[in-house]
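Undergrad: Test case, fold it:
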Amino acid sequence: MKKAKWTMSQAILGLVVGCTLFAIIAQTVAFMITSGNQIRKESLLNNDETLQRIETELNSYIHSLTVKMQTIYSEGEMLYDMRYSHAKRRRLINHYFKAWHLSENRFENSDQLLAMYIYDNDNKLVSSWRKQPFNYPRDLYNTDQYVNVSHLKSYIESEDSSLMLSGYRNEFAQKDVLRFCMKLHTYDDDRSQLGYLVCDFNAQNFADIMSKYISSRDVYVWLQPEGDSPIAKVGNTTNEESLIFSEIAKIIATKSTEFPNLEDEYGDFYLNGRPSLKYKMHIMMLTPQSLMLQTQSALVRMLIIIAAIILLVTLFLGTLISGFIYKPVGELSRTIIKIKNGDKEFRAKTDGWSEELMVMGEEFNEMLDRIQKMVQEEYEAKVLMERTQYKVLQAQINPHFLYNTLDTMSGIAASQDCTLVSGLCQSLSAIFRYSLDISDTQSTLQQEMAHVRNYLYVMDVRIGSTIKYTYRIDSDTLTDSIPRITLQPIVENAIQHGLRKSRRKDKELIISARHKDGKLVITIKDNGAGMDAADMNEQLKKAELSRIEMGRSIGIMNVNARLKSAYGTGYGIHFESIEGEGTTAVIRLPIVKEEDENGDEVQGIVS
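TA: Model prediction:
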């Protein structure tokens, strides 16, 4: 199935629309992130301000109730009898109705006082009053009802003399009760404790105060005395919110001396808390994040509508602009198709709305002219190559005749016991076969060394055995692939220009090969006359393949240029020499293993 491709106009339109869409999406995401953080910050700040206002009004209301409770000090006779209750226990019975008197004369119905208890220092009831006697116990210490008396005892047994706030849920009356407890003291220097006054109020009054500052019933606010259970709760709760409320309430109940360190977020809710140090209570608020994000959602919807409008306008304008831009390119495309179909004389228009399109048309026409010229030249070169190949085939007859002749001479010499002549003919035949074989430009180090040894044998016959040859070839280098006729020109140079010019009798030529630093390193060292190595190395750096192709460079220059052309400038030949002491040629090649027809590395040893 052929893959569908876009035209340039479609690509331009897609690019414009894609960039616009990306910018809109990026802006929307950035807005949601930044606005979300800002809304979160402002929501928590507004909630803190709300809790501060709630605390201020609650403190004022608690203070007004505390002032009414303090009117008990006007009952001097009762307080006197409570001070000496151990000695005059019977006289306390006379004050049994004092609680009723105080509740009727000191408190209003709007205060919603539910019960009042007056106790001496021995936790003995002096007087009590209950608005609904069947729902509230006569004595807090002598009842089966749960009235949270443990928190009351802890406060009485402590050294704390401030007002205590506590609470509990009265299951009989189905009401939340907020308890005030005030210790009674003398006003002389020793401040002796006389007893304490307990007033239980309906927590609904406190809930009503908190409700005034809550804009939604989904916001949950509660009042929790320090180290005690929550009381005076406002708002509706979901299952998730109830779990969070229970967790936080438990934390506050266990922290009786300090305000706990709570997180700002719990699930999908913001949490704000404010401790009221004056009355040792905590005001807590759980706010659903959905309420705070309603404004953000409205803004996002508006942003999406605006983005859609922008996208439609961009699509319309992009279509017009892409058509205008693409028109000359389309004409050039149609011209190319016509030329492809055979109309080679057709040329592109060189006009357009931009300078680039004009240059493109001109360059395209010039390219067509060059192509036609190159086609003609290629045809002529092909004819010339065919003629050359024919001559090469003819020339190959002569080397084969030479090989066969040398082999015949070697056989005749061997039959006449002329071993020197027979060996010379065999070596020359091997040299010619190896040198004139153009079927493969690569060889192995083992084959190169065999060629070098044949050459050295011929040279020994020619000049006499005056040179000692030493071979130090690591066996793992034998199968390394190297260009054909790499070593023989360098060996020839060492003999002709180094060893033959030296008059010393201990002439020696050492050929070494090893792997070093991931490369094949071959050294050809002689102890001959030496040379100017710096000048030679400078010439080797300038060696160019074009000189070889044109037949202007032979020998070492030829070898070095071929190595650099095949493997790169990091490889080739480098000379080191000392006048009168000898010369070392270092050949660096990459390690390339020669494989046989079965894919196995060719193994061999140079003896």
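Undergrad: Can you report phi and psi for residue 181?
TA: Backbone torsions for residue 181, taken as degrees, to the nearest 10, come to phi -130, psi 130.
Undergrad: With residue 130 as the reference, measure out to it.
TA: Residue 181 sits 16 Å away from residue 130, going by CB to CB, to the nearest Å. For glycine as for every other residue, the C-beta is placed from the backbone atoms N, C-alpha and C.
Undergrad: cool, and residue 162?
TA: Where residue 130 is concerned, residue 162 sits at a distance of 26 Å (CB to CB).
Undergrad: The two - which one has more neighbours?
TA: Legend: neighbour count by other CB atoms under 10 Å for residue 162 and residue 130, higher for residue 130 (19 against 11).
Undergrad: residue contacts, the more buried one?
TA: For residue 130, the contacting residues are 114, 115, 116, 136, 137, 138, by CB atoms under 8 Å, 6 or more residues apart in numbering.
Undergrad: Need the three-state assignment for the fifth one.
TA: Under DSSP: H, G, I helix; E, B strand; the rest coil, residue 137 falls in the coil class.
Undergrad: Now it. Nearest residue, chain neighbours left out?
TA: In this structure, residue 137 finds its nearest non-sequential neighbour in residue 143, 3.5 Å apart by CB to CB, 6 or more residues apart in numbering.
Undergrad: So the one you found lies in a strand, does it not?
TA: No. Under the criterion used here (three-state DSSP), residue 143 is coil, not part of a strand.
Undergrad: all strands for the stretch 451-600 of the chain, in order.
TA: Under the criterion DSSP state E, counting those that start in this stretch, strands of the stretch 451-600 of the chain are mapped to 468-473, 481-483, 508-516, 519-526, 572-578, 582-590.
Undergrad: Please apply the same query to the stretch 1-150 of the chain.
TA: For the stretch 1-150 of the chain, applying DSSP E, counting those that start in this stretch gives strands covering 113-120, 125-130.
Undergrad: Just the CA atoms of the last one, as CSV, please.
TA: Backbone C-alpha positions of strand 125-130 (Å, rounded to 0.1, in the frame of the first residue of the first chain) are rendered in CSV as follows:
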residue,chain,number,x,y,z
LEU,A,125,-22.3,18.5,94.8
VAL,A,126,-23.4,21.7,96.4
SER,A,127,-26.2,22.6,94.0
SER,A,128,-27.4,21.7,90.5
TRP,A,129,-29.9,22.8,88.0
ARG,A,130,-31.1,21.2,84.8
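Undergrad: Work out the sheet partners of that strand and label each with its direction, please.
TA: Strand 125-130 has its sheet partners listed here by DSSP bridges as strand 113-120 (antiparallel).
Undergrad: now the strand it pairs with, how far from the centre of its chain.
TA: Relative to its chain's centre, strand 113-120 lies at 68 Å (CA atoms, centre = their mean, to the nearest Å).
Undergrad: ok, now how distant is the residue nearest to residue 137 from residue 170?
TA: 11 Å.
Undergrad: Residue 524 now?
TA: Counting by CB to CB, the gap from residue 524 to residue 170 is 112 Å.
Undergrad: Residue 143 and residue 170: which is more packed in?
TA: residue 170 (23 against 12).
Undergrad: Contacts only, for the more buried one.
TA: Contacts for residue 170 (CB under 8 Å, 6+ apart) come out as 114, 135, 136, 145, 147, 176, 177.
Undergrad: what's the neighbour count on the spatially closest residue to residue 457 that is not a sequence neighbour?
TA: With CB to CB, 6+ apart as the criterion, residue 457 has its nearest non-adjacent residue at 4.8 Å, and that residue is residue 427. Neighbour count for residue 427, taken as other CB under 10 Å: 22.
Undergrad: Residue 456 is in contact with residue 427, correct?
TA: No. Residue 427 sits out of contact with residue 456 when judged by CB atoms under 8 Å, with a separation of 9.1 Å.
Undergrad: for the stretch 501-607 of the chain, which spans come out with low pLDDT?
TA: For the stretch 501-607 of the chain, applying pLDDT under 70 flags the ranges 543-554, 594-607.
Undergrad: repeat that for 80
TA: Residue ranges of the stretch 501-607 of the chain with pLDDT under 80: 542-554, 594-607.
Undergrad: Then the stretch 351-500 of the chain?
TA: 351-441, 462-465.
Undergrad: List the beta-bridge partners for residue 181.
TA: Note on residue 181: beta-bridge partners residue 164, residue 198, judged by DSSP bridges.
Undergrad: For the stretch 51-200 of the chain, which segments count as helices?
TA: Applying DSSP state H, counting those that start in this stretch to the stretch 51-200 of the chain gives helices spanning 76-83, 98-106, 149-156.
Undergrad: Now residue 252: phi and psi?
TA: Residue torsions, per degrees, to the nearest 10, at residue 252 are phi -70, psi -40.
Undergrad: So which of the strands of the stretch 451-600 of the chain is nearest residue 494?
TA: Residue 494 sits nearest to strand 519-526 of all the strands of the stretch 451-600 of the chain, at 4.3 Å, using CB to CB.
Undergrad: Going by neighbour count, which residues in that closest one are buried?
TA: Of the residues in strand 519-526, 520, 521, 522, 524, 525, 526 count as buried by neighbour count, 16 or more other CB atoms under 10 Å.
Undergrad: Roughly how far does the first one sit from residue 506?
TA: Spelled out, that is residue 520. Residue 520 is 29 Å from residue 506, by CB to CB.
Undergrad: got it, and the third one?
TA: In this view, residue 522 and residue 506 are 23 Å apart by CB to CB.
Undergrad: How about residue 460?
TA: Residue 460 is 16 Å from residue 506, by CB to CB.
Undergrad: higher neighbour count, these two?
TA: residue 460 (15 against 8).
Undergrad: ok, residue 128 - contacts?
TA: So residue 128 contacts 99, 115, 116, 117, 118, 138, 139 (CB under 8 Å, 6+ apart).
Undergrad: per-residue pLDDT, it?
TA: Residue 128 carries a pLDDT value of 93.
Undergrad: any idea how far it is from residue 280?
TA: Residue 128 sits 25 Å away from residue 280, going by CB to CB.
Undergrad: likewise residue 67?
TA: To residue 280, residue 67 is 18 Å away according to CB to CB.
Undergrad: any idea of the mean pLDDT in the helix or strand that contains residue 313?
TA: Assigned by DSSP states H and E, residue 313 falls within helix 294-340. In this model, helix 294-340 has an average pLDDT of 71.
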